[in-house]
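# Quick one, fold the following:
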Amino acid sequence: MDGTEHGPGTPGRRVRVCLQHRQVRIDGAALSYPGVLIRSYDNDELVAQHWIPLGTDPSEEDDERFIEELHRALRWQSGPSRRPPGAE
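Predicted structure coming up:
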């Protein structure tokens, strides 16, 4: 830790990444599907979030999509871009 980490109450941009299961109902059956949730915060305000399906056996394409989305979010966190990734 170098003192540049962002925690609650810290001004600035930050990105949080977590594993999240989404619940889906298909023909009355409840299914749980794993994915990665990327949330972008600006001065503690949630400004964007993007959920990426992960699956139990991700393909190379799934991996590339995750890397691309994470890279975009981290560039936003440290760069001049005003629009966070995942903002509609």
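# Could you pull out the buried residues of stretch 22-37?
Gly35, Val36 (16 or more other Cβ atoms under 10 Å). The way it works is simple: take the backbone N, C-alpha and C, and place the C-beta from them, glycine included.
# and that stretch, how far apart are its ends?
10 Å (Cα to Cα, to the nearest Å).
# just the helices in this structure please.
Using DSSP state H, the helices of the chain run over 60-78.
# just for it, where's the confidence low?
Scanning the chain for pLDDT under 70 picks out 1-10, 81-88.
# Nearest to the middle of it, which residue? Look it up for me.
The chain has Ile38 as the residue nearest its centroid, 0.7 Å off, counting by Cα atoms, centre = their mean.
# Ile67 versus that one, what's the distance?
From Ile38 across to Ile67, the span is 12 Å (Cβ to Cβ, to the nearest Å).
# Between these two, which contacts overlap?
Common neighbours of Ile38 and Ile67, using Cβ atoms under 8 Å, 6 or more residues apart in numbering, do not exist here.
# show me the contacts for the residue nearest to the centre of the chain.
With Cβ under 8 Å, 6+ apart, Ile38 has these contacts: Val15, Arg16, Val17, Gln49, His50, Trp51, Ile52, Glu69, Leu70, Ala73, Pro85, Gly86.
# Show me the residues you listed that map onto strands.
Val15, Arg16, Val17, Gln49, His50, Trp51, Ile52 (DSSP state E).
# Show me which of these are buried.
Counted by 16+ other Cβ under 10 Å, the ones in strands among the contacts of Ile38 give Val15, Gln49, His50, Ile52 as buried.
# which residues touch the last one?
The neighbourhood of Ile52, defined by Cβ under 8 Å, 6+ apart, consists of Gly35, Val36, Leu37, Ile38, Arg65, Phe66, Glu69.
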